[in-house]
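J.: one predicted model, sequence on top.
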Amino acid sequence: MANAFSKEGISLDSEGVLNKIRVLSACILSFAVMTLSGCSDSSDPDEAQLTVISNGTSVTADMTVGEETTSSIDDEIPSDRLVIPDYMETKYASLEYDTRHTDVYNDVATAMSGFEDSMYMPLTISATEFVDVLETVRCEQLWLISISDRQIGEFSSEEQTFEMDFTYKYSIRDTNIMLSEVEKVGDEIFESIDENMTDYEKLKIFHDWLVLNCETSTVAPYADTIYGAMVTGEALCEGYAKAFSYLCNRAGIENMIVTGYTDVDHMWNMVKLDDGCWYHVDVSWDKPDDTLAELYPDIVLYQYFLVDDDVIKNNRTISTRFCEPPTADSNNYSYFVAENRYASTYDEALEIIEESCRECMDAGEKYFMLKLDSSNLYLQTTEWLKKADENGISDIDRIAADINFVGQISYIDYYKAHRVIIFVLEKSGG
């Protein structure tokens, strides 16, 4: 079974010209579903639809790539200036800029937000530094939706520098509509946020919403944007990362977007929690592959939710090209620690499994993940759970009886290499 993780990368040729490429990383993750104590349903996700709220009225808009909208939308949506909603900027790398780089950063952001066709590469910094500024703007300015290409233009003898030409996929009006839709979806997500929630609980809601409402796509027209992740429901890692960052900004949680590499370029997030520590969150890599999602449409994985550097470096390299990301050396808020689902012995694993099954039953949930301290403990747990004693009763059967669970408890070895077991509770008759 293949879990396709799509990334968008940036490369610089020998002429110093910035080119945009899309690439697909296919990570083959095989897994098996094992019955421990005894079914699954399937459903199609709701199709994303673009609507615009105008004077309290919801109007469906016919969005066609590169064309103006054909719906009757109120004139309040401007077509001559970009209206950027709040929380659409996540600065980190640029905070360390000196005055020269800050000025260039602001000029680039102004040119792009003004849909300007070109700007001159500044004489105050080198061409390489200018490219880095362009990429930093791309990462930090979450509202960037319309840029389709950036190419070096003619040399100006008067300015003694080259012109940088910008082209745009969508009009100012279309972009305003898309950004307003993102904000509307954000409003809907925050309806489930209570001010008394911890940052961990808020982040889990953001993470789960994106996993359940966005599909990984390399061909969708908005895949590398926040709009793709939050409205049309199809995105690359860049779209996931920008959407998660936007939601963190709205919640007042300090965060940044991280760039790096797997076998291709990749983006994810880091957040700072109330213990003063930074953690990685890679929502796109917590998206189950197509086969697992077809078996269990509402499953959410947490292998890369609030993890430390050691976990993230198992299969990706953190880039320091634009900045040095903060160190993440704590696991205080990792899913397995925060949810009490990390076991060091088999007896501890049994206690956690029984308690987690009870919690799932009480909450009407079907899944939980357990991480074992060693590979040997993983193998021991998966074997002993289903091993019958002299009376023909296994430990998992005993747990099911103790919690009065009538149905089937299965495990999935999707993350076997990481010593993680996914448990599935399916009641008899559905």
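T.: Noted; the coordinates are in hand.

J.: did I read that right, Leu425 in a helix?
T.: No: counting by DSSP: H, G, I helix; E, B strand; the rest coil, Leu425 falls outside a helix, being strand.

J.: quick one, what contacts it?
T.: Applying Cβ atoms under 8 Å, 6 or more residues apart in numbering to Leu425 gives the contacts Cys357, Cys360, Met361, Glu365, Lys366, Tyr367, Phe405, Gly407, Gln408, Ile409. (C-beta placed from N, C-alpha, C; glycine too.)

J.: mind redoing it with 6 Å?
T.: Cys360, Lys366, Ile409 (Cβ atoms under 6 Å, 6 or more residues apart in numbering).

J.: and His266, what helix or strand is that in?
T.: Applying DSSP states H and E as the criterion places His266 in strand 265-272.

J.: against which helices or strands is that strand packed?
T.: strand 2-12, helix 237-251, strand 255-261, strand 278-281 (3 or more Cβ pairs under 6 Å, 6 or more residues apart in numbering; DSSP states H and E).

J.: for the contacts of Leu425, which one is nearest Gly260?
T.: Proximity of the contacts of Leu425 to Gly260 (Cβ to Cβ) peaks at Lys366, which lies at 32.8 Å.

J.: so how far is Ser118 from that closest one?
T.: 54 Å (Cβ to Cβ, to the nearest Å).

J.: of those two, who's got more company?
T.: A direct count of neighbours by other Cβ atoms under 10 Å for Lys366 and Ser118 places Lys366 higher, at 18 against 15.

J.: quick check: beta-bridge partners of the residue lying closest to that one once chain neighbours are set aside?
T.: Excluding the flanking residues, the one nearest Lys366 by Cβ to Cβ, 6 or more residues apart in numbering is Leu425, at 5.2 Å. As for beta bridges, Leu425 partners with Ile409 under DSSP bridges.

J.: mind pulling up the pLDDT for Leu425?
T.: pLDDT recorded at Leu425 is 96.

J.: kindly report the same for Ser30.
T.: 35.

J.: list the residues that contact Ala223.
T.: Ser217, Glu234, Ala235, Leu236, Gly239.

J.: got the phi/psi numbers for the fourth one?
T.: Right, the one you point to is Leu236. phi -90, psi 180 (degrees, to the nearest 10).

J.: how far off centre is stretch 115-131?
T.: 30 Å (Cα atoms, centre = their mean, to the nearest Å).

J.: over to it now: how far is its first residue from its last?
T.: Stretch 115-131 has an end-to-end distance of 19 Å (criterion: Cα to Cα, to the nearest Å).

J.: would you mark the buried spots in it?
T.: Phe115, Met119, Met121, Pro122, Ile125, Ala127, Phe130, Val131 (16 or more other Cβ atoms under 10 Å).

J.: and it, what's its mean pLDDT?
T.: Rounded mean pLDDT across stretch 115-131 is 93.

J.: ok, stretch 252-259 next?
T.: For stretch 252-259, the per-residue pLDDT averages 98.

J.: could you redo the helices and strands packed on strand 265-272 as JSON lines and give each row distance to Glu294 and mean neighbour count?
T.: What follows is these, written out as JSON lines (distance: least, Cβ to Cβ, whole Å; neighbours: other Cβ atoms under 10 Å):
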{"stretch": "strand 2-12", "distance to Glu294": "12", "mean neighbour count": "18"}
{"stretch": "helix 237-251", "distance to Glu294": "20", "mean neighbour count": "27"}
{"stretch": "strand 255-261", "distance to Glu294": "29", "mean neighbour count": "22"}
{"stretch": "strand 278-281", "distance to Glu294": "25", "mean neighbour count": "25"}
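
J.: those into CSV, with extra columns for distance to Gly153?
T.: Converted to CSV, these look like this (distance: least, Cβ to Cβ, whole Å):
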stretch, distance to Gly153
strand 2-12, 16
helix 237-251, 25
strand 255-261, 26
strand 278-281, 38
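
J.: weakest of those in terms of mean pLDDT?
T.: Looking at the helices and strands packed on strand 265-272, the bottom one is strand 2-12 with a mean of 29.

J.: residues in contact with Met178?
T.: Met178 neighbours (Cβ under 6 Å, 6+ apart): Ile145, Tyr227.

J.: same question but for Cys214, I mixed them up
T.: Residues near Cys214 by Cβ under 6 Å, 6+ apart: Ala229, Gly233, Ala235.

J.: can I get these in JSON lines with neighbour count and pLDDT?
T.: What follows is the contacts of Cys214, written out as JSON lines (neighbours: other Cβ atoms under 10 Å; pLDDT from 0 to 100):
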{"residue": "Ala229", "neighbour count": "31", "pLDDT": "97"}
{"residue": "Gly233", "neighbour count": "22", "pLDDT": "97"}
{"residue": "Ala235", "neighbour count": "32", "pLDDT": "96"}
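
J.: list the buried residues in the host helix or strand of Ile352.
T.: Element membership for Ile352, per DSSP H and E: helix 346-363. Buried residues in helix 346-363, counted by 16+ other Cβ under 10 Å: Tyr346, Ala349, Leu350, Ile352, Ile353, Glu354, Ser356, Cys357, Cys360.

J.: export these to CSV and tack on pLDDT and distance to Lys416?
T.: Output for those, formatted as CSV (pLDDT from 0 to 100; distance: Cβ to Cβ, whole Å):
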residue, pLDDT, distance to Lys416
Tyr346, 98, 17
Ala349, 98, 15
Leu350, 98, 19
Ile352, 98, 18
Ile353, 98, 17
Glu354, 97, 22
Ser356, 97, 19
Cys357, 97, 21
Cys360, 96, 22
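
J.: farthest-apart pair in the residues you listed, please.
T.: Taking Cβ to Cβ, no two of the buried residues of helix 346-363 sit farther apart than Tyr346 and Cys360, at 20.7 Å.

J.: may I have the helix or strand following the helix holding Ile352 as PDB, with CA atoms only?
T.: If you walk from helix 346-363 toward the C-terminus, the next helix or strand you reach (DSSP H and E) is strand 367-372. Provided in PDB are the C-alpha atoms of strand 367-372 (Å, rounded to 0.1, in the frame of the first residue of the first chain):
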ATOM      1  CA  TYR A 367      -9.200   4.200  17.800                       C
ATOM      2  CA  PHE A 368      -6.200   4.800  20.000                       C
ATOM      3  CA  MET A 369      -2.400   4.400  19.500                       C
ATOM      4  CA  LEU A 370       0.100   2.800  21.900                       C
ATOM      5  CA  LYS A 371       3.800   3.200  21.700                       C
ATOM      6  CA  LEU A 372       6.200   0.500  23.200                       C
END
